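>>> okay, predicted coordinates and the sequence, questions at the end:
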Amino acid sequence: MTINIIDIAYTRLKTPDVAAATDFATRILGLEPVDRAVDRLSFRSDSRMSTMSYEIGDPSETIVGFELANGEDLLNAAKTLEALGYEVCYGSHEEREQRHVSEFIAFRDPSGGRIEFAVSPQIGGNGAQLSRDAGITGFSHVGLFSRDPDRDEHFWTQICNARVSDRVGELPLLRLSQIHHSIALVPADRCGIQHINHQVQSIDDVQRSYALLSQHKVPIVFGPGRHPTSGARFVYFEGPDGMVFEYSVGVREVDEETYRERQFGFEPKSFCMWGATPKIKELST
Ligand SMILES: O=C/C=C/C(C(=O)O)=C(/O)C(=O)O
Ligand SMILES: [Fe+2]
């Protein structure tokens, strides 16, 4: 039975320096801190109670959470994964509270990155109170490192319900809804999160953040530019522990009936139609 993912829900990051990561997530990225504790912290970026978190630990151990519709779908997902030989565990009460979800299961994707499927991410009564005027409208997608994009694409599109929107060389951009992509599978010899995208309201927010990031000497690793694939205008920058963050605006929505996946060459102009070149190892052509 296909695992029906509704949406991407959260990322959970680890760092040796929670205080420095918190400073970045609030003062630079602009998220709202919630559930403050000494060794961990959650953040809001939209109506959901937690779309990102930092806790003390090894930065290579990232988690991406996806939303399933209900407990029955979650149980079926666990059965499907177990039948295929995946080791599945259920989240404890404390772990569910940290994530603000009613239930979740965890397993490792075929490349070895930790993935969670969760039910009922809690919504806050108000929207996120951003820590600075970054114009963020919400958490939108991740790049996932993939040791074998073909195999991992099979997992997300055949075992789960993702669809290919575009491919840049071997790199597929996968959608879970009408939004052009929620997952990009980035060929690499490692696993886990490659980048975290937040959507912003306008191109002015992208440019304003570019100026602020530059003033704070945050490494800009790509852009400002425009992806020919999704049409989004973007800037990418490096946060704590080498994690890449992206602000973008204007990601295309896809008509499920008529859209056909497209193949782009693995070359700079497929990543940016304005001529910017990524300073990101895995996107270097
Ligand atoms: O491979 C190109 C990158 C594409 C996009 C896009 O089309 O928006 C991304 O956001 C991305 O994967 O970072
Ligand atoms: Fe992206």
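Cool, got the structure. Ligands and ions are numbered 1, 2, ... in the order given.

>>> which one is Asp189 nearest to, not counting chain neighbours?
Arg147 (6.4 Å; CB to CB, 6 or more residues apart in numbering). C-beta: built from backbone N, CA, C; applies to glycine.

>>> packing partners of the helix or strand Val206 falls within?
Assigned by DSSP states H and E, Val206 belongs to helix 203-215. Where contact means 3 or more CB pairs under 8 Å, 6 or more residues apart in numbering; DSSP states H and E, helix 203-215 is packed against strand 220-226, strand 233-238, strand 244-249.

>>> all strands of the stretch 51-200 of the chain, in order?
52-56, 63-68, 89-90, 103-108, 114-119, 136-146, 163-168, 171-175, 183-187, 192-200 (DSSP state E, counting those that start in this stretch).

>>> which of those sits closest to ligand 2?
Proximity to ligand 2, assessed across the strands of the stretch 51-200 of the chain by CB to the ion, is greatest for strand 192-200 (4.4 Å).

>>> quick one: is that closest one near ligand 2?
Yes. Counting by CB under 5 Å from the ion, ligand 2 has neighbours in strand 192-200: Asn197.

>>> which neighbouring elements make contact with that strand?
Going by 3+ CB pairs under 8 Å, 6+ apart, strand 192-200 lies up against strand 5-15, strand 136-146, strand 183-187, strand 244-249.

>>> can you put those strands in JSON lines and add distance to ligand 1, mean pLDDT and mean neighbour count?
Putting the helices and strands packed on strand 192-200 into JSON lines (distance: least, CB to the nearest ligand atom, whole Å; pLDDT from 0 to 100; neighbours: other CB atoms under 10 Å) gives the following:
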{"stretch": "strand 5-15", "distance to ligand 1": "13", "mean pLDDT": "98", "mean neighbour count": "21"}
{"stretch": "strand 136-146", "distance to ligand 1": "5", "mean pLDDT": "98", "mean neighbour count": "24"}
{"stretch": "strand 183-187", "distance to ligand 1": "3", "mean pLDDT": "98", "mean neighbour count": "24"}
{"stretch": "strand 244-249", "distance to ligand 1": "6", "mean pLDDT": "98", "mean neighbour count": "24"}
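
>>> right, and these - which one's nearest Gln98?
Closest approach to Gln98 among those (CB to CB): strand 5-15, 8.3 Å.

>>> what's the spacing between Arg44 and Tyr247?
Noted for Arg44: a distance of 16 Å to Tyr247, by CB to CB, to the nearest Å.

>>> cool, and Glu87?
Relative to Tyr247, and taking CB to CB, Glu87 is found at 36 Å.

>>> run a quick neighbour tally on the residue lying closest to Trp156 once chain neighbours are set aside.
Closest residue in space to Trp156, ignoring its immediate chain neighbours: Ala162 at 4.1 Å, by CB to CB, 6+ apart. When neighbours are defined as other CB atoms under 10 Å, Ala162 has 24 of them.

>>> over to the one 5 residues further on?
With neighbours defined by other CB under 10 Å, the count for Arg167 comes to 21.
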